[in-house]
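Undergrad: got a sequence here, can you model it:
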Amino acid sequence: MKSLMSLWSQLAEESASYCHTSATIDINTVNRRVENEGLSFLTITLPDLGKSFQKWLDQGQVGINSSFNRGRGSLPLFLGGFFSRVFDRTSGALLDEPCIESIIAIRQLTLMFGKLELPCTPYRERKAMQKYIECEQDVRQTDMDFTEKDFSDFRRMSSLLFSEVFTQMDRDVYYGQVLPKHGPGKTADGLTGNGKYRQDTWTRRLEEVFPSYEHLIPNLHFYEELDKISILEPDMETPVKVVSVPKTLKTPRIIAMEPTCMMFMQQALLGCFLTAFGRDNLLPKLIGFDDQIPNQELARQGSLDCRTATLDLSEASDRVSNKLVMEMVRQWPHLAGALDATRSRRAFVRGHGVIPLAKYASMGSALCFPVEAMVFLTLILLGIERSLNASLSRKDIELLVGSVRVYGDDLIVPVEHVSSIVRTLEHFGARVGLDKSFWNGKFRESCGKEYFNGTDVSLVRVRQALPSTMADVDGIISTVSLRNQLYMSGYWKTCRWLDKELKGVFQHFPYVLPTSPVLGRVSFLGYQTDRMHPSLHSPLVKGYVVKAKAPSDELGGTGALLKCLLRLEHSSKIRGVESHLDLVPCYRSGLVRESEPSPWLPSVGQDEKHLERTGRPKHVGIKLGWWSSL
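TA: Next up is the predicted model:
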């Protein structure tokens, strides 16, 4: 805790010098309150003030934060020197020309420890699990409140948007042209890495849509292998396992680990969806899955012209009703059957046992992200329709490109329709986080970037406690990244202090380019050269690089052949080759036997040892040596 307080003090002093004020009293306040309140002051109380500040910027007026005194004026006494350069001391109104440096400083000093990756207390974990249960009850109540008109409007709008995508997916499911894939994450049944290719369970619901003989064996020559597979009836299916992972010290993130067989076919439908989605001329302009920059740019533009708002949804995925999803695909029976078959119907929640699910899926399902994006986009456009009191056509929707965009639970919407959109979202069960949604002033936030009047006021977050020994590899890696982010943000005095702290932990800390594999210091003054490579004649430095080895996990027999063929098909699909029909006839028709060598199996992927080692590394280490500084 001392090192974190020292880091805060260094940043406060440097920020004060940029803003022509003093932070001495603020530093004393932090020292006193941390001594009395502990780490929660840095990780919970300060971030609450930062969130309040963002809302004050949006509303143009200082409000009340119960954790900090205001004295005789309208502004908090804490960080008062910074606040007085943004708001009027007497009235608390936003200044006509607030100091941008002070806005950045307040956000940095209040929010920097808000997402420190430390485990929550057991009480907070239990509270998060209870909230998961309450959220499920809310979804059930919302389902009961839906009217036939709600469903009719939702079906009409979703069909207008996604009919071509759903038609293609429906055709792919019907003709069996979906390609399953195992994801890298943990599963509810405990299978990891190559062990997932030895799965011995399938569900009756999956069997009816995705027969096991088409997906669990390389071809029909291995049909006898299916005797080892247990087909589970619906009441015997493995439930998703609801677990918590670190998010903030205030509350953990709640996710659900899917059973292996479910995730296997969820990935198949995800690939099918992304292929059809990418062929559409309109949807990629309205929904993002792998690029946050368009959302960030729209947030920046919205902070300038105030034409667009940024909305954030609370518990976004957990509030998407399965009823809505089924209504969305009602006209496509094969796709509807596939979505239902790959959806887990029950969840095991620690302290509450196994519960039935009314939501479509929690975070952890491969289909959670695209399905929620489609639902939210549909609801946004329904809200715009209701605001205009007129039906939208596809051409009308094209005119909204640049003012409507969805990336998960980060939404960009037109300001003139925001009230109607918020009402529509909440009517259909979503919950808009008003403390993280902005449309009144010139502050906007989306996908990890924040802007005020067109200026980037994003902060640098501290993710790990500062390391004290070489054994704290995660802390070293995180702190080196923190140091370089602070350097690029202009906090050079703080970086010099961090350099001394890090040199006290490990000796070799050279100057390198951002592209170098070395854990080193980024500098605008260039890179360091300790020697030249004897054959490549490129600069080398002595330093540490991150080394992580996948755990040993050998796979042979039928599972190995299945994995190789699936990897080859995925690779061929990426290259645009119709592998189902041309390149890999063996996977469906059985033209290759296990004992027959194949000329293209050695090139199944970049990792030629994937049958020996796979999965996420259990341990990460650093290795000292001579490496490129470029």
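
Undergrad: next, the distance between the ends of stretch 515-531.
TA: Distance between the boundary residues of stretch 515-531 (Cα to Cα, to the nearest Å) amounts to 18 Å.

Undergrad: so for it, mean pLDDT?
TA: Averaging pLDDT along stretch 515-531 yields 90.

Undergrad: look up how far Gln168 lies from the closest residue to Tyr174 other than its chain neighbours.
TA: Leaving aside its chain neighbours, Tyr174 sits nearest to His334 (4.6 Å; criterion: Cβ to Cβ, 6 or more residues apart in numbering). Quick note: C-beta positions are derived from backbone N, CA and C, even for glycine. His334 sits 11 Å away from Gln168, going by Cβ to Cβ, to the nearest Å.

Undergrad: tell me which of the two has more neighbours.
TA: Between His334 and Gln168, Gln168 has the larger neighbour count (other Cβ atoms under 10 Å), namely 20 against 17.

Undergrad: next secondary structure after whatever helix or strand the more buried one lives in?
TA: Using DSSP states H and E, Gln168 maps to helix 148-174. Later in the chain than helix 148-174, the nearest helix or strand by DSSP H and E is strand 201-203.

Undergrad: what packs against the following helix or strand past that following strand?
TA: Elements were assigned by DSSP H and E; along the chain past strand 201-203, the next helix or strand is helix 204-209. Where contact means 3 or more Cβ pairs under 8 Å, 6 or more residues apart in numbering; DSSP states H and E, helix 204-209 is packed against strand 230-232, helix 260-279, helix 333-341.

Undergrad: of these, which is nearest Pro98?
TA: Closest approach to Pro98 among the helices and strands packed on helix 204-209 (Cβ to Cβ): helix 260-279, 41.3 Å.

Undergrad: for the helix or strand that the closest one is followed by, what does the pLDDT average out to?
TA: Once helix 260-279 ends, the next helix or strand along the chain (criterion: DSSP H and E) is helix 293-305. The average pLDDT within helix 293-305 is 95.

Undergrad: other residues contacting helix 293-305?
TA: The list of residues contacting helix 293-305 from outside it, by Cβ atoms under 8 Å, 6 or more residues apart in numbering, reads 288, 307-310, 402-403, 405, 407, 410, 412, 415, 442-456.

Undergrad: filter those residues to the buried ones?
TA: 288, 308-310, 402-403, 405, 407, 410, 412, 442-447, 449-453, 455 (16 or more other Cβ atoms under 10 Å).

Undergrad: before we move on, the earlier item: among the contacts of helix 293-305, which lie within strands?
TA: Taking DSSP state E as the definition of strands, the contacts of helix 293-305 contribute 308-310, 405, 407, 410, 412, 443-446, 449-452, 455-456.

Undergrad: okay, which residue is most central for this structure?
TA: Gly408 (8.1 Å; Cα atoms, centre = their mean).

Undergrad: just checking, it touches Pro370?
TA: No: using Cβ atoms under 8 Å, Gly408 makes no contact with Pro370, being 9.8 Å away.

Undergrad: count the residues that sit near Pro234.
TA: Pro234: 10 surrounding residues under other Cβ under 10 Å.

Undergrad: before we move on, what about the one 3 residues further on?
TA: By the measure other Cβ under 10 Å, the count of residues near Glu237 is 20.

Undergrad: enumerate every residue touching it.
TA: Glu237 touches Thr203, Arg205, Pro259, Ser344, Arg345, Arg346, counting by Cβ under 8 Å, 6+ apart.

Undergrad: now with 10 Å, please.
TA: For Glu237, the contacting residues are Ala188, Thr201, Thr203, Arg204, Arg205, Leu206, Pro259, Cys261, Met262, Ser344, Arg345, Arg346, by Cβ atoms under 10 Å, 6 or more residues apart in numbering.

Undergrad: before we move on, back to that, so which of the helices and strands packed on helix 204-209 is the most packed in?
TA: Most buried of the helices and strands packed on helix 204-209, by mean neighbour count (mean count of other Cβ atoms under 10 Å): helix 260-279, with a mean of 22.

Undergrad: quick one: list the elements packing against it.
TA: Packed against helix 260-279 by the contact rule (3 or more Cβ pairs under 10 Å, 6 or more residues apart in numbering; DSSP states H and E) you find helix 148-174, strand 201-203, helix 204-209, helix 212-215, helix 333-341, helix 368-388, helix 557-574.

Undergrad: redo that, cut-off 7 Å
TA: Helices and strands touching helix 260-279, by 3 or more Cβ pairs under 7 Å, 6 or more residues apart in numbering; DSSP states H and E, are helix 148-174, strand 201-203.

Undergrad: mean pLDDT and distance to Asn484 for these - can I get that in TSV?
TA: Converted to TSV, those look like this (pLDDT from 0 to 100; distance: least, Cβ to Cβ, whole Å):
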stretch	mean pLDDT	distance to Asn484
helix 148-174	96	41
strand 201-203	94	46
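
Undergrad: of all these, which lies closest to Leu75?
TA: Nearest to Leu75 among these is helix 148-174 (45.8 Å), distances taken as Cβ to Cβ.

Undergrad: just want the angle from the closest one to helix 260-279.
TA: With axes from the mean of the first three to the mean of the last three Cα atoms, to 10 degrees as the basis, helix 148-174 and helix 260-279 are set at 100 degrees to each other.

Undergrad: what's the angle from helix 148-174 to helix 333-341?
TA: Angle, helix 148-174 to helix 333-341, by the same axes, to 10 degrees: 100 degrees.

Undergrad: returning to what we had before: looking at the helices and strands packed on helix 260-279, which is closest to Arg330?
TA: Closest to Arg330 of these, according to Cβ to Cβ: helix 148-174, at 6.4 Å.

Undergrad: which stretches of the chain have low pLDDT?
TA: Within the chain, the stretches with pLDDT under 70 are 572-607.

Undergrad: how much space between the nearest residue to Lys181 once chain neighbours are set aside and Asp318?
TA: Spatial nearest neighbour of Lys181, chain neighbours left out: Gln267 (3.9 Å); criterion: Cβ to Cβ, 6+ apart. Gln267 sits 21 Å away from Asp318, going by Cβ to Cβ.

Undergrad: great, nothing more from me.
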